[in-house]
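*Asks:* here's a sequence, model it:
(2 chains)
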Amino acid sequence: MVHMNRWVSIREKIVKNTLTVFALSSLLFLFLIFIFILIEGLPLFLKVGLKNIIFGFKWAPTKGYFGIFPMIISSFLVTFGALIIGAPLGLSCAIYLAEYSGKRLKMILKPALELLAGIPSVVYGFLGVIYIVPIVREYLGGSGFSLISTSIVLGIMILPTIISISFDSIMSVPRSYREGSYAMGATKWQTIFKVVLPAARSGILASFILGMGRAIGETMAVIMIAGNALKIPTNITDPLRTLTGNIALELAYATGDHRLGLFSTGIVLLIIIMALNYLANFGIKRRI
Amino acid sequence: MLKKIFIIFTTVALVFICSCGLKENRQGKKKHLITIAGSTSVMPFVEKLAEYFMLQKPNFIIDVQGGGSTAGIQACINNTVHLGMSSRKLKEGERLNEIVICYDGISIVVHPSNPINGLSMEQVRAIFSGKIKNWKELGWIDRRIDAITREEGSGTRGSFEELVMKNEEIDDSIMVQDSNGSVKEIVATDPYAIGYISLGLVDKRVKALTIDGVVPTVSSIKTGAYKITRPFLFLSNGEPDDYTSEFIDFVLSKQGQDLLRKEGLIGSYE
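*Replies:* Residues are numbered from 1 along each chain as shown, chains lettered A, B, ... in the order given. Purely as a prediction, here's the structure:
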C-alpha cells in the first residue's frame, strides 16, 4: 500500500509540474514576442530618433520619413468612435440581460452574443464595404471609406467584449444592495441607475477599456473600410490609417529600413495595448 | 459506431500512406526546381507561363511567389531565388541582370458613369498631388474626388510616381489600397473615384481614361503614343543557370509571348 501511494504521489507531481511548464510557456511566448519586436524595432528609434517617429507627421519610409503621429491619432479616433457607438449599446444590452430579461430570452441572447464574437473580422470588413460604405457615401458624402464607417463596424465588433464583462460585473453586485434599495421604496429603474450601476462602475469601465483594446488592435476590417490615407482626418467622412493598418498594408513590400519602420509601429501599438490592459485590470481589481 | 469510425480512419490513413509512396516514386526522377519571387503585378502572368511550361516539361517544378518588386530584387541580390520579378526599373546600386519579358500600360481608371473621358498628364498629376480636389475643377459636378493610390513599396506605385508624378509627391489625403484588385473594386463601386491599375486588368466595370488624348491600348503603347508604360522584368544575379535559362527562353519564345499578348500585355519584341 505504501508503495502504491508513493507511485500515486509521484504521478501527481509529474502532472502538476508538466502543467506548470505549459502554463508558464504562455508567459514565455509573450516575453519572446516582446523581445523580438524590440530587437527589430529599436534600431530605427536609435537611428531616426524617438521624436521623429512618434511626433513625425510624414510617413514616406522609402524616402527616409518615419513619422507615425497621424496614425496614432487616427487609431485613437476610431477607437473612441467605436466606443461612442458600442458603449451605450453594449451597456444597455448588459443591463437588460442582467436585470430585465427572463431566463428563456437569456438562453437565446447569450449564445447569440458569443456567435457575434466568433465572426471573423474579414467578414465584418466585407459587410462594411458592401453595405456601410455605400450608405455613408450616399448620405454623408466623401468616398464612404471613412472615420465614421470604421467606427460603426468597430463599434459592433466590440459589443461582445463590453456586454459580457459589464454583465458579469452587474451580476456580481450583491442581492442585498438591490433589496435594500427596494425596501427604501425605490423603483426598479431607480435601483439600477442609483445603486447597481455605481456599484458595478469599475467593472463596466474595465469592459469599455478592454473594448478599446480590441478596437485599437483590429486590423483586417479596418484596412478594408478605413481608406488608409495618411492624413489626420479633419471630418468624420475623411479616410484614415491606423497603426495596425499601416503594418498589414505595407508589410508585403517592405525591406530594409521600411521594414524596421513597421516594427517601430508595432512597438508603439504594443505599448498602447499594454497600457490599456493594465488600466482595465486596475479597474477590475478595485471592484473586489 | 466505433467500428465505423475505425474503418473510416484506417481507409483514410491507408490512402494517405499510399499517395505518399506514389509521390516518392514519381520523384525518383530528379526534378529541377526554379524559384521565382517578386512583383505581384507580374506574378499572375508568370504563374500562367509556368503552368504551360511544366505541362510541356514535367521534369521542372517552378515555384512562383509574390512579395512585391522590392522584395523580389532584394531576394535576387541575396541569391535566395533563381529569378526575381520586377514591375519597375532597377534603381542605382541594384546591380542585377535584367531581362525584359514584356511591357504593361498603367491605365487611369474611373467609374463607367463618369462623363469625363480623358485628362491631360498635368491634370492627373494635379489630382494625385492634391492640387485638384473637386470634380468641378475638371468640368463635372461639385463633388470631392475620391482618388486612390497604391501603398509605399508597390511596383505599380513606383512606376506611377516615376512616369506621372515626376518630381511631385502623392498627397497624404489620398486613399491607399494594397492591390490592383482592391483599387479596381473601389473604382467600380464609387462613382466619384479615380485610381490607376494595370492595363491588363481593365474590363467593363471600370473606364480607362485617355491621357493627353491617347487611348491606352496595345497598339498605342507599341507606337509609344501612350506614355504611362513600364517593363515587366526578370532579374538574375549574374548569368542564370542552364535550367533557368530554359524557362526564360520559353517565356521569350513565340509561344510564351503569345500567351502574354492574350492577357493584354505587349510582347518584348514588338
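*Asks:* what is the burial count for A:Ile119?
*Replies:* Residues lying near A:Ile119 (other CB atoms under 10 Å in any protein chain shown) number 13. (Glycine included, C-beta is placed from N, CA and C.)
*Asks:* residue contacts, residue 191?
*Replies:* As the question left the chain open, I've gone with chain A. A:178, A:181-182 (CB atoms under 8 Å, 6 or more residues apart in numbering or on different chains).
*Asks:* wait, chain B
*Replies:* B:Pro191 neighbours (CB under 8 Å, 6+ apart): B:111, B:113-114.
*Asks:* so it lies in a strand, does it not?
*Replies:* No: secondary structure assignment (DSSP: H, G, I helix; E, B strand; the rest coil) places B:Pro191 in coil, not in a strand.
*Asks:* need the pLDDT of it.
*Replies:* The model reports B:Pro191 with a pLDDT of 92.
*Asks:* from B:Thr149, how far off is it?
*Replies:* According to CB to CB, to the nearest Å, B:Pro191 stands 19 Å off from B:Thr149.
*Asks:* so whatever residue of the stretch 151-288 of chain A ends up closest to chain B versus A:Ala221, what's the distance?
*Replies:* Ranking the residues of the stretch 151-288 of chain A by distance to chain B (CB to the nearest CB) places A:Tyr253 first, at 3.1 Å. From A:Tyr253 across to A:Ala221, the span is 22 Å (CB to CB).
*Asks:* swap in B:Ala147?
*Replies:* Taking CB to CB, one finds B:Ala147 at 23 Å from A:Ala221.
*Asks:* what parts of the stretch 151-270 of chain B come near chain A?
*Replies:* Residues of the stretch 151-270 of chain B found near chain A (CB under 8 Å from any CB of the partner chain) are B:151-154, B:169, B:171-178, B:185-186, B:189-190, B:192-193.
*Asks:* for the residue positioned nearest the centre of chain A, give me its contacts.
*Replies:* Central residue of chain A (CA atoms, centre = their mean): A:Arg214, 1.3 Å from the mean position. Taking CB under 8 Å, 6+ apart as the criterion, A:Arg214 is in contact with A:157-158, A:161.
*Asks:* A:Tyr253 and A:Ala221: which has the busier surroundings?
*Replies:* Of the pair A:Tyr253 and A:Ala221, A:Tyr253 is the one with more neighbours under other CB under 10 Å, namely 27 against 24.
*Asks:* now A:Gly56. Nearest residue, chain neighbours left out?
*Replies:* Excluding the flanking residues, the one nearest A:Gly56 by CB to CB, 6 or more residues apart in numbering or on different chains is A:Gly67, at 2.2 Å.
*Asks:* my guess is the one you found contacts A:Phe55, does it?
*Replies:* Yes: using CB atoms under 8 Å, A:Gly67 makes contact with A:Phe55 at a distance of 7.2 Å.
*Asks:* neighbour count for those two, which is higher?
*Replies:* Set side by side, A:Gly67 and A:Phe55 show more neighbours around A:Gly67, with 21 against 12, by other CB under 10 Å.
*Asks:* now whatever residue of the stretch 1-150 of chain A ends up closest to chain B. Nearest residue, chain neighbours left out?
*Replies:* Per CB to the nearest CB, A:Ser143 is where the stretch 1-150 of chain A lies closest to chain B, at 3.6 Å. Nearest non-adjacent residue to A:Ser143, counting by CB to CB, 6+ apart: B:Asp146, 3.6 Å away.
*Asks:* enumerate every residue touching that neighbour.
*Replies:* For B:Asp146, counting by CB under 8 Å, 6+ apart, the contacting residues are A:142-143, A:145, B:175, B:186, B:190, B:192-194.
*Asks:* need the buried ones from the residues you listed selected in ChimeraX.
*Replies:* In ChimeraX syntax, the buried subset of those is picked out as below (16 or more other CB atoms under 10 Å in any protein chain shown):
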select /A:142,143,145 /B:175,186,190,192,193,194
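*Asks:* nearest to B:Thr40 among the contacts of B:Asp146?
*Replies:* B:Ile186 (17.4 Å; CB to CB).
*Asks:* picking that back up, do I have it right that the residue of the stretch 151-288 of chain A closest to chain B meets B:Arg150?
*Replies:* No: using CB under 8 Å, A:Tyr253 makes no contact with B:Arg150, being 9.4 Å away.
*Asks:* residue contacts, residue 98?
*Replies:* As the question left the chain open, I've gone with chain A. A:167, A:170-171.
*Asks:* let me rephrase: I mean chain B.
*Replies:* When contacts are counted by CB under 8 Å, 6+ apart, B:Glu98 touches B:90, B:233-235.
*Asks:* need the next SSE after the helix or strand harbouring B:Ser219, C-terminal direction.
*Replies:* Assessed by DSSP states H and E, B:Ser219 sits inside helix B:218-223. Using DSSP H and E, the helix or strand that follows helix B:218-223 in sequence is strand B:229-236.
*Asks:* following element in sequence after that following strand, please.
*Replies:* Next along from strand B:229-236, by DSSP H and E: helix B:242-252.
*Asks:* and that following helix, what other elements does it pack with?
*Replies:* In terms of contacts (3 or more CB pairs under 8 Å, 6 or more residues apart in numbering or on different chains; DSSP states H and E), helix B:242-252 is packed against strand B:32-38, helix B:43-56, strand B:60-67, strand B:83-86, strand B:97-110, strand B:229-236, helix B:254-262.
*Asks:* picking up where we left off before, roughly how far does the residue nearest to A:Gly56 sit from A:Ile273?
*Replies:* 21 Å.
*Asks:* repeat for A:Glu138
*Replies:* Counting by CB to CB, the gap from A:Glu138 to A:Ile273 is 35 Å.
*Asks:* these two: who's more crowded?
*Replies:* Higher neighbour count among A:Glu138 and A:Ile273: A:Ile273, with 16 against 9, using other CB under 10 Å.
*Asks:* OK, contacts around that one?
*Replies:* So A:Ile273 contacts A:213, A:216-217 (CB under 8 Å, 6+ apart).
*Asks:* again, 6 Å this time
*Replies:* Taking CB atoms under 6 Å, 6 or more residues apart in numbering or on different chains as the criterion, A:Ile273 is in contact with A:213, A:217.
*Asks:* thinking again about what came up before, which phi and psi does the residue nearest to A:Ser143 have?
*Replies:* phi -90, psi 80 (degrees, to the nearest 10).
*Asks:* I'd like to know how far the residue of the stretch 1-150 of chain A closest to chain B sits from B:Ile194.
*Replies:* A:Ser143 is 11 Å from B:Ile194, by CB to CB.
*Asks:* now do A:Ala248
*Replies:* 24 Å.
*Asks:* again, but for B:Glu94
*Replies:* 31 Å.
*Asks:* who in the stretch 1-150 of chain B is up against chain A?
*Replies:* B:68, B:70-71, B:74, B:146 (CB under 6 Å from any CB of the partner chain).
*Asks:* biggest separation within those, which pair?
*Replies:* Maximum distance among these (CB to CB): 33.2 Å, for B:Gln74 and B:Asp146.
*Asks:* tell me how the chain divides into domains.
*Replies:* Picked chain A for this. A:6-46, A:59-286 (automatic domain parsing).
*Asks:* chain B, not that one
*Replies:* B:2-101+B:233-267, B:104-229.
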